[in-house]
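# Any chance you could fold what I've pasted below:
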Amino acid sequence: MKLLLLSNSSAPGRGYLDHAREVIAGHLAGVRELLFVPYALADHDGYTAKVAAFMDGLGVRVRGVHTAGDPRALVSGAQAVFIGGGNSFRLLKSLQERGLVTAIAQRVREDGVPYMGSSAGTNMACPTLRTTNDMPIVQPASFDALGLVPFQINPHYLDPDPASAHMGETREERLTQFLEENDVPVLGLREGTWLRRTGEALELGGVASGARLFTAGAEPVEYAPGADLSRLLTATARFDHRTA
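The predicted structure follows:
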């Protein structure tokens, strides 16, 4: 399996996806046309054009999956798939309604088609949607996502700020609550970081701040870019659904 999972698509002072240009180029080496899934935003055409402008610099054509009467037909012939960021609930609901959850997962798992996700698209690679930061603006049929990795990811992970006057829950507190109800690792990907999977190897890349791994009953563990996280691919994603 070949995955590139970005925490974010935009970085301060950089153009769209520019902070990850080199790793994206390597991930898509040999790909002539990319199938883009724009459902996380309302403006599908505008979103696709934005991705196409970036990919043009890599010599990769882009086609929006929304342009076909039967999106599954485009998935079946795709050389690579990129699911962009936006609202994860809207994205998953759209994928479910179009029969694309199974279609994309099968192409990536069984045919080795490269998959790339950013933010909400990275959430889609997890077993479920339940570690997203997004507001549930729509209701999907279930929280089950593509399951391309057996652990959860929290994109845009923010560390607690002891100087902040904000009295709401920190990201750490929310993930701790998740682990009170679910026994599955959660990797908090800070801005500018990504995961790259090739077969059974999984590596953390990006900026120096790296990522933070949360597991039930243990203190969070810090990982720097270059860390080998392959052991997470053997994690057992067991969901208790005690509040369901």
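
# which residue is nearest the middle of this structure?
T122 (0.2 Å; CA atoms, centre = their mean).

# Nearest residue to that one in space, please, no chain neighbours.
L5 (4.3 Å; CB to CB, 6 or more residues apart in numbering). C-beta here means a position set from N, CA and C on the backbone, and glycine is covered the same way.

# so which helix or strand takes in that neighbour?
Secondary structure assignment for L5, by DSSP states H and E: strand 2-6.

# before we move on, the earlier item: packing partners for the helix or strand containing the residue nearest to the centre of the chain?
For T122, the element it lies in under DSSP H and E is helix 120-124. Under the contact criterion of 3 or more CB pairs under 8 Å, 6 or more residues apart in numbering; DSSP states H and E, helix 120-124 touches strand 2-6, strand 81-83, helix 88-97, strand 152-157.

# Would you indicate which residues of stretch 203-210 are buried?
204-206, 209-210 (16 or more other CB atoms under 10 Å).

# Inside helices: which ones of these?
Among those, none falls in helices (DSSP state H).

# Would you check which pair of those residues lies furthest apart?
The largest separation in these, counting by CB to CB, is between G205 and S209 at 12.1 Å.

# still on that earlier bit, which residues touch the helix holding T122?
Here helix 120-124 makes contact (CB atoms under 8 Å, 6 or more residues apart in numbering) with 5-7, 37, 40, 82-88, 91-92, 95, 117, 129, 131-132, 134, 145-146, 153, 155, 189, 195.

# The residue nearest to T122: neighbouring residues, count only.
27 (other CB atoms under 10 Å).

# Repeat that for R21.
Using other CB under 10 Å: R21 sits among 14 other residues.

# sorry, back to before: with just CA atoms, put the helix holding T122 into CSV.
The C-alpha coordinates for helix 120-124 follow below in CSV (Å, rounded to 0.1, in the frame of the first residue of the first chain):
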residue,chain,number,x,y,z
ALA,A,120,-10.0,15.6,6.1
GLY,A,121,-8.6,13.4,3.5
THR,A,122,-6.1,12.1,6.1
ASN,A,123,-9.0,11.5,8.4
MET,A,124,-10.6,9.3,5.7
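
# That helix: which residues count as buried?
Under the neighbour-count criterion of 16+ other CB under 10 Å, helix 120-124 has 120-124 buried.

# Tell me how far the residue lying closest to V23 once chain neighbours are set aside lies from A145.
Leaving aside its sequence neighbours, V23 sits nearest to G205 (CB to CB, 6+ apart; 6.0 Å). According to CB to CB, to the nearest Å, G205 stands 22 Å off from A145.

# With D183 instead?
From D183 over to A145 the distance is 18 Å, taken as CB to CB.

# I'd like the distance from the helix holding T122 to the chain centre, please.
3 Å (CA atoms, centre = their mean, to the nearest Å).

# for it, what is the average pLDDT?
Per-region confidence: helix 120-124 scores 98 on mean pLDDT.

# likewise stretch 184-197?
Here the average pLDDT along stretch 184-197 is 96.

# Now do the end-to-end distance for that stretch.
With CA to CA, to the nearest Å as the measure, stretch 184-197 spans 19 Å from end to end.

# quick revisit: check contacts around the residue nearest to T122.
L5 touches 116-117, 121-122, 125, 149, 153, 189, 194-197, counting by CB under 8 Å, 6+ apart.
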